[in-house]
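**Q** Give me a 3D structure for the following:
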Amino acid sequence: MRAAKRLHTEKLLLLFFLCRSIVVIFSYKLPAALVEPLANGFRVSIPDDRGIKSVAFNVNRNRNFTDFEEGEFSAQVREPEDGRWQHDFERAALRAHDTLYIWTNVQHGNVIYRDKSLPLQVCQLSGDNLPAECSMSPHQHQNRETTTVKTDAAYKGSTPKASSCAEESETVMSPPPSHPLCKGQLIFEEEFENLNESRWLHDVRAPLDSTDAEFVLYDGKARVLGGQLIIEPRLWSSYRPDLHITNAHLDLSDRCTGTHNRQKECVLLTSGPLIMPPVVVPRLSTKESFGFKYGRVDIRARLPKGDWLIPLLLLEPLMESYGQTGYESGQLRVAMARGNDQLRLPHGKLIDGRTIFAGAVLSTEASQREDFMVQQRRSVHFGDDFHVYSLIWSSQSLRFSIDGQEYGELLTGFAESDLNPSWRRGGPMAPFDRMFYITLGLSVGGFGDFVDKLRTSSFEKPWINKHPQAKLQFWRSQEQWLPTWKQPKLLVDYVRVYAI
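**A** As a prediction, the model looks like this:
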């Protein structure tokens, strides 16, 4: 009887300690992260609590997290300061249009807590260092001192005032202007007298999507000469002669701009048939400085000539509002011509550098790449001379022209393709009803722009899409394609965007 009572007492004590442990484990609730703008960055913090041993913050700008993955900005904090666990992300100035996505990892005792905060709009934060545009209401925009703006007429010597708008525009831009935009107003102009790196952000990353990836590493700086931007590809052997393409390890983390999966975009390692990217090329964008919705884009450029070269004259989504895999949030190509001097589809149609394509990219599959594109074929290669490639992007359509001559139009109705159900919650132009930014670059090979069994004048395409050895097959065939690179540079004379 006494033994039974002792056993009962021991069970009660064990139950008491278990319950107490459960109360301890579940008594901590991870608070929402606080964000404070700084002069050239931002601070993220949570309050201290007895039992916290470490805290990690992960932050994305304008892109939600699909999982508890590393963010565009990430930091581990080992000690609290002034009653808070905090980290200052410097050299990361916030913009008025930015939305911040945050998840926090806290070790409290022996338990790990992870939680995502609600998205934070920068202009809804508190502090003395908000972007200047956040402090201006529409009423203030209208009553600020009127400034002069450029239109097409500005090139003829006149500079109309904002107050003389005959008709307001449907264009939206970021940073937001101090007054309503007028139709025809020039809202972005780049003449490339020099390379303004506060305007143009260079990519440093490897392409991520294995179903669409190009055979390149995006790295290096574009250069400016004679008022032209020069984007020139170079072989891996000239980029890193100290690292053999089939046996190397490259960690770009300190400079890497990848945001989707930094482990794959920023760290490259050869293994078996997996080799380093055979070609390295600059890629730059206005992601950090300028975005817009609806407008006319003019790009005067000379496209590259050479087998398997693709010019990138793009508009890309500032926020991936409709999804982050493939092209769920869309991509717009202002113009694209394959660099090959001669290139035929298996059934014989020519798709070489004499055929210009433009339109919407909504799929990673090469066989579907041109489903939402317009095209025009000419008798000469588009890399032989400069042309002005234009896109008029409105809330009703996408219209494309070369040197002022329109050659195709795409109307609304992308949602009807059923490629992405999320588009149905957007407007008629979804996914092209959000802010986009400008990208200039060059790609080589890959799986997205070249279907299998294409033929040049002498050879069949030397790789099979999605094959584990595709990049290796391409590299080993360079005696075929490298001699064709007579003019492999993308030359850009100017980029202009007008309100419509």
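
**Q** what residue lies at the spatial centre of the protein?
**A** Geometric centre of the chain, nearest residue: residue 316, 6.0 Å, by C-alpha atoms, centre = their mean.

**Q** How about the contacts made by residue 117?
**A** The contact partners of residue 117, taken as C-beta atoms under 8 Å, 6 or more residues apart in numbering, are 32-33, 101-104. Using the backbone N, CA and C atoms, a C-beta is placed for each residue, glycine as well.

**Q** Need the per-residue pLDDT for it.
**A** On the pLDDT scale, residue 117 is placed at 86.

**Q** measure it to residue 324 for me?
**A** Distance of residue 117 to residue 324, computed by C-beta to C-beta, to the nearest Å: 18 Å.

**Q** Would you point out the most distant pair within the contacts of residue 117?
**A** Longest distance between any two of the contacts of residue 117 is 12.5 Å, between 32 and 101; criterion C-beta to C-beta.

**Q** between these two, which one's more packed in?
**A** The residue with more neighbours, out of residue 32 and residue 101, is residue 101; 20 against 13, by other C-beta atoms under 10 Å.

**Q** For my notes, confirm that one occurs in a helix.
**A** No. Residue 101: not assigned to a helix; according to DSSP: H, G, I helix; E, B strand; the rest coil it is strand.

**Q** quick one, strands of the stretch 351-500 of the chain?
**A** Applying DSSP state E, counting those that start in this stretch to the stretch 351-500 of the chain gives strands spanning 355-361, 373-377, 387-393, 397-402, 405-411, 436-444, 490-498.

**Q** Can I get the ones you listed in JSON lines including mean neighbour count?
**A** Converted to JSON lines, these look like this (neighbours: other C-beta atoms under 10 Å):
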{"stretch": "strand 355-361", "mean neighbour count": "22"}
{"stretch": "strand 373-377", "mean neighbour count": "16"}
{"stretch": "strand 387-393", "mean neighbour count": "21"}
{"stretch": "strand 397-402", "mean neighbour count": "20"}
{"stretch": "strand 405-411", "mean neighbour count": "14"}
{"stretch": "strand 436-444", "mean neighbour count": "23"}
{"stretch": "strand 490-498", "mean neighbour count": "22"}
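
**Q** Please identify which of those is closest to residue 96.
**A** Smallest distance to residue 96 across the strands of the stretch 351-500 of the chain (C-beta to C-beta): 14.5 Å, for strand 436-444.

**Q** who does the closest one touch, helix- and strand-wise?
**A** Judged by 3 or more C-beta pairs under 8 Å, 6 or more residues apart in numbering; DSSP states H and E, strand 436-444 is in contact with strand 216-218, strand 228-231, strand 279-281, strand 283-285, strand 291-293, strand 309-317, strand 490-498.

**Q** circling back: residue 335 is nearest to which of the strands of the stretch 351-500 of the chain?
**A** Closest approach to residue 335 among these (C-beta to C-beta): strand 387-393, 3.7 Å.

**Q** Run through the neighbouring helices and strands of that closest one.
**A** strand 295-302, strand 309-317, strand 331-336, strand 355-361, strand 397-402.

**Q** Export those strands as a markdown table, with columns for distance to residue 283 and mean pLDDT.
**A** Converted to a markdown table, the helices and strands packed on strand 387-393 look like this (distance: least, C-beta to C-beta, whole Å; pLDDT from 0 to 100):
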| stretch | distance to residue 283 | mean pLDDT |
| --- | --- | --- |
| strand 295-302 | 15 | 98 |
| strand 309-317 | 7 | 98 |
| strand 331-336 | 13 | 98 |
| strand 355-361 | 16 | 97 |
| strand 397-402 | 22 | 97 |
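
**Q** So for residue 81, which of these sits nearest?
**A** Closest among the helices and strands packed on strand 387-393, once you apply C-beta to C-beta, is strand 309-317, at 37.0 Å.

**Q** Next, the angle strand 436-444 makes with the closest one.
**A** On the basis of axes from the mean of the first three to the mean of the last three C-alpha atoms, to 10 degrees, strand 309-317 is oriented at 160 degrees to strand 436-444.

**Q** about what we covered before: ok, the residue lying closest to the residue nearest to the centre of the chain once chain neighbours are set aside to residue 410 distance?
**A** With sequence-adjacent residues excluded and distances taken as C-beta to C-beta, 6 or more residues apart in numbering, residue 316 is closest to residue 439, at 5.2 Å. Distance of residue 439 to residue 410, computed by C-beta to C-beta: 20 Å.

**Q** There's contact between the residue nearest to residue 316 and residue 283 in this structure, I believe.
**A** Yes. With contacts counted by C-beta atoms under 8 Å, residue 439 reaches residue 283, the gap being 6.8 Å.

**Q** returning to what we had before: tell me which residues form a beta bridge with the residue nearest to the centre of the chain?
**A** Beta-bridge pairing for residue 316 (DSSP bridges): residue 437.

**Q** wait, doesn't it sit right on residue 331?
**A** Yes. In this structure residue 316 lies within contact range of residue 331 using C-beta under 8 Å: 5.7 Å.

**Q** can I assume residue 477 is in contact with residue 462?
**A** Yes. Contact criterion C-beta under 8 Å: residue 477 and residue 462 qualify, at 3.6 Å.

**Q** How is this structure divided into domains?
**A** Using automatic domain parsing, the domain ranges for the chain come out as 34-124, 201-498.

**Q** Many thanks, we can stop here.
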